[in-house]
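S.K.: Dropping a prediction and its sequence here:
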Amino acid sequence: MSSTNYAYLSNYLVYSAMAVYTIAFFAHAIEVAFSVRNVDTKTEFDFSRTDRSGRIGTAMMILGTLLLFAGVIIRGVSAHRVPWGNMYEFSITGALAFSTAYLFGLWKFKIRWLGLPVVIAVLLTLGTAITVLYRPSAPLVPALKSTWLAIHVSAAIMSGGVFLLANCVAATYLYLDAMERKGPRKAWAERLPSLEVLDQLSYRLVAFVFPLWTFAVIAGAIWAESAWGHYWSWDPKETWAFITWVAYAAYLHARVTAGWRGRRAAWLCLFAGSTFLFNYVYINIWGTGRHTYSGL
Amino acid sequence: MEKAPELELAGSLRWMWRQLTSMRTALLLLLLLGVASIPGSLFPQRSQNPMKVEALFTSDPTLAKWMDRFKLFDVFSSPWYSAIYLLLFISLIGCVLPRTIEHLKAVGAKPPLTPKFLNKMSGYRTVATDKSEALDVAEKWLKKHHFRIRKDSNSISAEKGYLRESGNLLFHLSLILILVAVAMGSLLGMKGEAIVNLDERFINAPTSYDNLTFGKYQKEGGLIPFALTPTNFQAKYDLTTSAPQDYTLTVSVANPVGSKPVTHIIKVNKPLTFKSTKVYLQANGYSPIVTVRDKSGKITFQGPVIFLPQDANLTSTGAIKLPDMNPQIGFIGSFVPTYSRSSTRGAFSAYPNVLDPRLLLSAWKGSLGLDTGAPQSVYRLNTSKMVKIGLKQLALGESFNFGEGSITFDGWKPWVNLQIVDDPGKMYALLGAVLAILGLLASLFTRQRRIWVKIEDGVEVAGLAKNALLGLEDEITALVAELERESTK
Ligand code: HEM
């Protein structure tokens, strides 16, 4: 099969993944919406009634993630390289990392309540990728041809997936916290875990990926050293990677040594996560420096 | 009586030291370091993009001057940025050294005494089992699971997970190593760039460089005495998009100068290495080769002239200066490797490799302005005291008679831009980074916890886990099961 055919196959796989994720979206939406028992007052929720819909949602998430995984791999095959050469490829891989992180969390921490927001975020990312960011499959410029690229980018993307998940959890914490301060939880929110569990969950996610992110930054420095002659040159992308690293280090410090919990810790977690997003979106598209490989 | 002033000074110094090494300060400084890095990515930096900084100085001089006063174009070497990270690292040393000593002392020590009331601890259970054997059974089980044990007459205090603190200390100490390595690189290193034509010899001496910067404590004589000649350069581009696919530079290296040359290959991600010095392939371009004759036909100049690329297809511009002709002659030139023409852009290059080259020249006569002493770019002609005397486009082998003589387009040579860097701190930085990761992994994935077994009225078991991490319950359940199993035997 020729490169172009592989590129088409990859596109079909990404489209199919989107279709399957859309089914997952409806399944999770039904899971939430139809668990209302008393439609007139909308006060009672009973998620056991829609458990099956939730399980279908999970099955579709798994299937969609597998299809997306195949799409990303075939994209790499079509270009004879790792599939991380431009922003379209970063985005589909990022969506893959995010939904994989969710499935991992589902298995480890039972977080099916996050299914709906996760599938929405994945669909939006994929949708933006194929409409705005799409670029034909092409080989890499010489500076990107390095094993360290594969290592650096895969570690960075995986970290990003988990950072975003931690951000979802922290945002949910803040939302529920605000709700609980006004009174008892609304009925639909009864299914969500307690504030303490959410607080601990976002900490564990961050503590889990912080070493991986540290590694991603170091692998990037090793690659920069072999390509540009300097392991660190404060290029905007590097600067923001450093800011993200420092922000998460501060978050871990705040929790472990200063005893921050709850609202303050959640805000700090959100801040750290948004530095990662800012780096990805803003610096890739509008930034200057040698890291702008978005292909836009 | 008044307090002695010395004491007051010592007291306030001690107070300041305690503040500086407190956790709150460490957290504040960390956050501050992150925030202080932001302007470094939003404003152009001199070390990265000096042209952009210059442009700002011409477009808005007052604003630029004010920004410069606050070092906003040199954020990462500015006094305020340095102050933040130096304070952070002083705080770090003040915090980590005493803890390292404590930790080393604790390695040989026994776990702390069993607390009086176990029922306040997590996972508290009472076990129905034989009191006389319980401690022995528990000791055996805890030893098997690598707990350190303090056994008293009626209790056992066991602890596990010292690796957490060891890892944490290793991590923080490695950060200090990285900082030292970075400082070494900037104080003892060097960095230079040189454009070298194919088949021309580059000797690694300060005069061979186009620009060269040394660290404060690096001596100029410290350069490794090698000579390098590019003998072949291959650039491959995509035929439809012109995107570069591969660059391969073959060089012949004599180290030291005069020794038998050895052939090496340099690629974009594969620099040539001499100890801690590395030679990188940074950019490439073309030097058109010309011959200039005066009116009498005598050759006044012959050879390649380096032109600088202006776009991805290597349309290149440069200047040819002939100060020895009378009157002085200069050319503004443009070299297109693959000729194409449009009504809007005029002549331009359609592909970065040489397929159909042209040399476009405008000839100028007058004073080149070289004798004024003001530095002048070799790539640009200062035409303020010159008049234009002609314009011509040359194909390979063609000549242009500009009245005062003639110029012939003989051919071209590729040139490569070599970047030569010496960073003696690099390996230490890498070592620091590796140790930091190992420390982090040890620290974040080790669960530190204590388990106590105590004989009172019955047998009591309880525990404590640092950071309330999960898993302690399971361990206590397993121990209790073991105690019960032994008693029913
Ligand atoms: C360069 C600045 C620093 C960075 C990037 C940094 C980073 C970190 C990180 C990521 C952690 C959590 C991971 C772990 O538990 O090992 C941590 C923990 C810790 N750091 Fe720092 N730190 C810095 C400076 C400091 C300073 C100045 C102090 C002392 C004032 C300090 C004391 C501690 C302590 C006590 C812990 C918790 C250990 C524990 O109980 O697990 N750190 N640090």
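M.R.: Arrived safely, thanks for sending.

S.K.: Just the pLDDT at B:E482, thanks.
M.R.: Looking at B:E482, its pLDDT is 85.

S.K.: The helix or strand encompassing it vs chain A: in contact?
M.R.: Using DSSP states H and E, the element containing B:E482 is helix B:472-488. No: residues of helix B:472-488 contacting chain A under CB under 8 Å from any CB of the partner chain: none, with a closest distance of 13.9 Å. All C-beta atoms are positioned from the backbone trio N, CA, C, and that covers glycine.

S.K.: Which secondary structure elements does the helix or strand containing B:Q393 sit against?
M.R.: If you go by DSSP H and E, B:Q393 is part of strand B:386-395. Using 3 or more CB pairs under 8 Å, 6 or more residues apart in numbering or on different chains; DSSP states H and E, the elements in contact with strand B:386-395 are strand B:358-366, strand B:399-401, strand B:405-422.

S.K.: Out of those strands, which is closest to B:Q393?
M.R.: Among those, the nearest to B:Q393 by CB to CB is strand B:358-366 (4.9 Å).

S.K.: Can you list the strands that the closest one pairs with?
M.R.: If you go by DSSP bridges, strand B:358-366 pairs up with strand B:328-336 (antiparallel), strand B:386-395 (antiparallel).

S.K.: CSV please, covering those strands and showing distance to A:A7.
M.R.: Shown next, in CSV, are the strands paired with strand B:358-366 (distance: least, CB to CB, whole Å):
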stretch, distance to A:A7
strand B:328-336, 33
strand B:386-395, 40
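
S.K.: residue contacts, B:K413?
M.R.: Listed by CB atoms under 8 Å, 6 or more residues apart in numbering or on different chains, the contact partners of B:K413 are B:N197, B:L198, B:D199, B:Y286, B:S287, B:I289, B:P304.

S.K.: Of those, just the buried ones, PyMOL syntax please.
M.R.: Typed into PyMOL, the line below selects the buried ones among the contacts of B:K413, using 16 or more other CB atoms under 10 Å in any protein chain shown:
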select buried, chain B and resi 197+198+286+287+289+304
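
S.K.: what's the most distant pair in the contacts of B:K413?
M.R.: Between all members of these, the farthest pair (by CB to CB) comes out as B:D199 and B:Y286, at 14.0 Å.

S.K.: Next one, pLDDT for the closest residue to B:T317 other than its chain neighbours please.
M.R.: Nearest non-adjacent residue to B:T317, counting by CB to CB, 6 or more residues apart in numbering or on different chains: B:S334, 5.0 Å away. At B:S334, the predicted lDDT confidence score is 93.

S.K.: Regarding the nearest residue to B:E482 once chain neighbours are set aside, which helix or strand does it belong to?
M.R.: Of all residues not flanking B:E482 in the chain, B:W141 sits nearest, at 4.9 Å (CB to CB, 6+ apart). Using DSSP H and E, the element containing B:W141 is helix B:131-144.

S.K.: what is the rounded mean pLDDT of that helix?
M.R.: For helix B:131-144, mean pLDDT rounds to 84.

S.K.: swap in stretch A:207-220?
M.R.: For stretch A:207-220, mean pLDDT is 94.

S.K.: Surely B:L198 touches B:W415?
M.R.: Yes: in this structure B:L198 lies within contact range of B:W415 using CB atoms under 8 Å: 6.8 Å.

S.K.: Would you tell me which helix is longest in chain B?
M.R.: Identified as the longest helix of chain B according to DSSP state H is helix B:79-108.

S.K.: just checking, which of the strands paired with strand B:358-366 sits deepest inside the structure?
M.R.: For those, the largest average neighbour count (mean count of other CB atoms under 10 Å in any protein chain shown) is found in strand B:328-336, namely a mean of 23.

S.K.: what secondary structure does B:W15 sit in?
M.R.: Classification of B:W15 using DSSP: H, G, I helix; E, B strand; the rest coil returns helix.

S.K.: ok, now how distant is it from A:T58?
M.R.: Applying CB to CB, to the nearest Å, the value for B:W15 to A:T58 is 57 Å.

S.K.: Equivalent analysis for B:L97, please.
M.R.: Distance from B:L97 to A:T58, by CB to CB: 51 Å.

S.K.: between those two, which one's more packed in?
M.R.: More neighbours surround A:T58 than the other of B:L97 and A:T58, with 18 against 15 (other CB atoms under 10 Å in any protein chain shown).

S.K.: In which helix or strand does that one reside?
M.R.: Using DSSP H and E, A:T58 sits in helix A:51-79.

S.K.: after that helix, next one along is what?
M.R.: Scanning forward in sequence from helix A:51-79 by DSSP H and E, the next helix or strand is helix A:87-109.

S.K.: List the residues that contact the residue of the stretch 351-489 of chain B found nearest the ligand.
M.R.: Here the residue of the stretch 351-489 of chain B nearest the ligand is B:S443; by CB to the nearest ligand atom that distance is 3.3 Å. Taking CB under 8 Å, 6+ apart, we find B:S443 in contact with B:L163, B:R164, B:E165, B:S166, B:G167, B:N168, B:L170, B:F171.

S.K.: buried ones in the helix holding A:T58?
M.R.: A:53-54, A:56-58, A:60-61, A:63-65, A:67-72, A:74-79.

S.K.: cool, and stretch B:461-481?
M.R.: By 16+ other CB under 10 Å, the buried positions in stretch B:461-481 come out as B:V461, B:A462, B:G463, B:L464, B:A465, B:L469, B:L472, B:E475, B:I476, B:L479, B:V480.

S.K.: circling back to that earlier point, with distance to the ligand added, can I get the strands paired with strand B:358-366 in JSON lines?
M.R.: Supplementary listing: the strands paired with strand B:358-366 in JSON lines, determined by distance: least, CB to the nearest ligand atom, whole Å:
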{"stretch": "strand B:328-336", "distance to the ligand": "51"}
{"stretch": "strand B:386-395", "distance to the ligand": "58"}
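
S.K.: near the ligand, which residues of chain A show up?
M.R.: Residues of chain A lying close to the ligand (CB under 6 Å from any ligand atom) are A:A249, A:L252, A:H253, A:V256, A:T257.

S.K.: how close does the second one sit to A:F208?
M.R.: In this structure, A:L252 lies at 11 Å from A:F208, with CB to CB as the measure.

S.K.: cool, and the first one?
M.R.: The gap separating A:A249 from A:F208 is 15 Å, by CB to CB.

S.K.: any low-confidence regions in the stretch 151-300 of chain B?
M.R.: Applying pLDDT under 70 to the stretch 151-300 of chain B flags the ranges B:218-221.

S.K.: who in it is up against chain A?
M.R.: For the stretch 151-300 of chain B, the residues in contact with chain A (CB under 8 Å from any CB) are B:182, B:191, B:238, B:241, B:243-247, B:267-271, B:278, B:280, B:282.

S.K.: Just the closest residue of chain B to the ligand, please.
M.R.: Closest contact between chain B and the ligand, by CB to the nearest ligand atom, is at B:C95 (2.8 Å).

S.K.: what's near enough to touch the residue in the stretch 101-250 of chain A that the ligand sits nearest to?
M.R.: At 3.9 Å from the ligand, A:A249 is the closest residue in the stretch 101-250 of chain A, using CB to the nearest ligand atom. Listed by CB under 8 Å, 6+ apart, the contact set of A:A249 reads A:F210, B:L30.

S.K.: quick revisit: return the members of the residues of the stretch 151-300 of chain B next to chain A classed as buried.
M.R.: Buried, going by 16+ other CB under 10 Å: B:182, B:191, B:243-245, B:247, B:267-271, B:278, B:280, B:282, out of those.

S.K.: Inside strands: which ones of the residues you listed?
M.R.: Among those, the ones falling in strands (DSSP state E) are B:K191, B:P244, B:Q245, B:Y247, B:K278, B:Y280, B:Q282.

S.K.: give me the number of residues near the residue lying closest to A:L114 once chain neighbours are set aside?
M.R.: Counting by CB to CB, 6+ apart, A:L114 lies nearest to A:C168, which is 5.9 Å off, once chain neighbours are set aside. Neighbour count of A:C168, defined by other CB under 10 Å: 23.

S.K.: now swap in B:D311 and tell me
M.R.: Using other CB under 10 Å, B:D311 is surrounded by 11 other residues.

S.K.: wait, what's in contact with the residue nearest to it when sequence neighbours are not counted?
M.R.: Closest residue in space to B:D311, ignoring its immediate chain neighbours: B:S349 at 7.2 Å, by CB to CB, 6+ apart. Taking CB under 8 Å, 6+ apart, we find B:S349 in contact with B:D311, B:N313, B:L314, B:T315, B:V336, B:P337, B:T338, B:Y339, B:S340.
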